[in-house]
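Undergrad: Generate coordinates for the sequence data below:
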Amino acid sequence: MAYDERAGRAVVTGASSGIGAEYAARLAGRHWDLVLVARRAERLGVLAERLWEETGAEVEPMVADLADSADLRRVAERIAAEDVSLLVNNAGINGYGPFTEADPALLTKVIDVNVTAPTVLTRAVLPGMLARGRGAVVNVASLLAFAGALPPGPLPHRAVYGGTKGYLVTFTRTLAAELAGTPVRVQVVCPGLTATEFHLGTGEAPVPGEARVHDEGGMPAADVVTASLAALESGEVVCVPGLPDPTTVARLADAELALRDGSGTGLASRYRAGDHGLAGRERPR
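TA: Predicted coordinates:
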């Protein structure tokens, strides 16, 4: 499927700023019509008007909070339509903070937006793509999906956020294997620090005011999208925009295969070495 030709309509979530807005602009410039989903109505309206003026693309704004079940259902119903050939699950919030201090309601929202929404939307769009014999889904994750062994500082406190992005990586890779041999492609893009406004809030509410960039800087959002669309053309399932050696992903798969050697019925010898100080203890009375 050529992604530089008009091939239907693309849906981009989290489209009001940053990587999502860049996907919208790039796709409109490649003659795609768009459905743009985000919480900020004013920003969506401005973006839709600008893209129409600059490219002539038909842009349909959908104001929705994907953490809200009714809004998610409404978006899912829209993207199940026959005109959708590309879904970019870009919406995400971070909920950064020490796990024991974070608001449980915020952590639930992180899971709703980062895990539940892309899963539901992908499920909504795939049957039609398969029936029509064309389509693609791009899930925007993060290199923090691979940072579980690293403590905070300079990385943020991110136990739930990192877990949700790890889910997106595994979900996408496993789904790609399930869809092998079909004309539908799936990709997970894992940028590192990106020059957006993402770090200016935790996600309880949209960042107010005009679009801007957090002080930490990072890779331009345009470069992230360039890498993602190029990888979609070449068939890369895992796209890491700043990774010089793509064989690193293959080495990850090899390490996973080695880990799965632990699926046998025999107990590893290190666990047979002793009782580790637990056997024979009296129960507390």
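
Undergrad: Going by C-alpha atoms from here, please, whenever you check contacts or count neighbours.
TA: Will do.

Undergrad: where do the strands sit along the stretch 51-200 of the chain?
TA: 59-63, 84-89, 135-140, 184-189, 194-195 (DSSP state E, counting those that start in this stretch).

Undergrad: ok, Val125 - contacts?
TA: The contact partners of Val125, by Cα atoms under 8 Å, 6 or more residues apart in numbering, come to Ala76, Ile79, Ala80, Ala81, Val84, Leu87.

Undergrad: Format the strands of the stretch 51-200 of the chain as CSV; extra columns: mean neighbour count.
TA: Below are these laid out as CSV (neighbours: other Cα atoms under 10 Å):
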stretch, mean neighbour count
strand 59-63, 21
strand 84-89, 26
strand 135-140, 25
strand 184-189, 25
strand 194-195, 21
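
Undergrad: which one of the ones you listed lies closest to Pro244?
TA: Nearest to Pro244, of all the strands of the stretch 51-200 of the chain, is strand 184-189, at 14.7 Å by Cα to Cα.

Undergrad: how far out from the middle of the chain is that closest one?
TA: Distance of strand 184-189 from the chain centroid (Cα atoms, centre = their mean, to the nearest Å) equals 10 Å.

Undergrad: what does stretch 71-79 give?
TA: 18 Å.

Undergrad: Please point out which parts of that stretch sit buried.
TA: By neighbour count with 16 or more other Cα atoms under 10 Å, stretch 71-79 contains the buried residues Leu72, Val75, Ala76, Arg78, Ile79.

Undergrad: So what would you say the end-to-end distance of stretch 251-266 is?
TA: 26 Å (Cα to Cα, to the nearest Å).

Undergrad: Wait, a strand at Arg260?
TA: No. Counting by DSSP: H, G, I helix; E, B strand; the rest coil, Arg260 is not part of a strand but helix.

Undergrad: quick thing: my sequence starts at 750, can you match it?
TA: Will do, 750 is the new start, and the previous item becomes Arg1009.
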